[in-house]
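K.L.:
got a predicted structure plus its sequence, pasted below:
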Amino acid sequence: MPIGTPLTAVWLWYNSASNYVNSTAEAATDGGTAFEALGQAADFLYFGFSRRVDALLFTLTVAGSYGARTWAYGAAAATWVTFQPVQEFGLNATTGYMLWDPKQAADVTAWASFALTNPGTHVADPPDAVARYWLRVSVATVTTAATVTSVVGRPYTSYARAADVQAQLQLAGAF
């Protein structure tokens, strides 16, 4: 498994079949069984984590060719806040990532852990009642659907400078 936070859930809303497809096991296995991501413009791909992340790393066997992508994080079961990634090569290259800065998002304090029920967009609920931090992506157009073999997230963490540590520990001199 690549270094990172494994997904705890991956659900594809497969619009033409009006149901969800569970791709969690495939996405969480390095070099695992490939699955198609976003085969049509009305599909949504949901990524669930036990903690917040600020990047997704994708390994693909087939690079996708998509129009504009819309990324969002979940604030509640039917409330999604869109954001613009800082870098986005995740679905258009055989190995790529999506990186975003939660501090620059509209209101990242709204990003909450919740069960993905009644997402407000689809006619059915996913068969998943576990509270998670969710990211989702949809696309405007699909020329070629990406074939994914694994996805991991990078945990969202904050780092301190040496001067911050010195101030917190109330040290007289720099270290």
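P.N.:
Cool, got the structure.

K.L.:
and the one helix or strand residue 147 maps to, what does it pack against?
P.N.:
Under the criterion of DSSP states H and E, residue 147 resides in strand 146-155. Packed against strand 146-155 by the contact rule (3 or more CB pairs under 8 Å, 6 or more residues apart in numbering; DSSP states H and E) you find strand 5-6, helix 24-27, strand 35-37, strand 44-49, strand 53-62. (Each C-beta comes from the backbone N, C-alpha and C, glycine too.)

K.L.:
show the average pLDDT along that strand.
P.N.:
Model confidence over strand 146-155 averages 87 on the pLDDT scale.

K.L.:
in it, which residues are buried?
P.N.:
For strand 146-155, a neighbour-count test (16 or more other CB atoms under 10 Å) marks 146, 148-153 as buried.

K.L.:
give me the next element, helix or strand, following that strand.
P.N.:
From strand 146-155, the next helix or strand downstream (DSSP H and E) is helix 162-168.

K.L.:
could I have that next one exported to PDB, CA atoms only?
P.N.:
Extracted C-alpha coordinates of helix 162-168, given in PDB (Å, rounded to 0.1, in the frame of the first residue of the first chain):
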ATOM      1  CA  ALA A 162      10.800  26.100  15.400                       C
ATOM      2  CA  ALA A 163       9.800  29.500  16.600                       C
ATOM      3  CA  ASP A 164       6.300  28.300  17.200                       C
ATOM      4  CA  VAL A 165       7.500  25.400  19.300                       C
ATOM      5  CA  GLN A 166       9.900  27.700  21.200                       C
ATOM      6  CA  ALA A 167       7.000  30.000  22.100                       C
ATOM      7  CA  GLN A 168       4.600  27.200  23.000                       C
END
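
K.L.:
dump the buried residues of strand 146-155 into CSV; add distance to residue 42 as well.
P.N.:
Output for the buried residues of strand 146-155, formatted as CSV (distance: CB to CB, whole Å):
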residue, distance to residue 42
146, 16
148, 19
149, 24
150, 25
151, 21
152, 27
153, 25
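
K.L.:
just name the most buried of the helices and strands packed on strand 146-155.
P.N.:
strand 44-49 (a mean of 23; mean count of other CB atoms under 10 Å).

K.L.:
mind listing what it pairs with, with the direction of each?
P.N.:
Sheet partners assigned to strand 44-49 using DSSP bridges are listed as strand 9-14 (antiparallel), strand 131-139 (antiparallel).

K.L.:
same question for that strand, mean pLDDT?
P.N.:
92.

K.L.:
that strand: how far from the chain's middle?
P.N.:
Distance of strand 44-49 from the chain centroid (CA atoms, centre = their mean, to the nearest Å) equals 6 Å.

K.L.:
what's the answer for stretch 138-150, then?
P.N.:
So, by CA atoms, centre = their mean, the centroid of stretch 138-150 is 14 Å from its chain's centroid.
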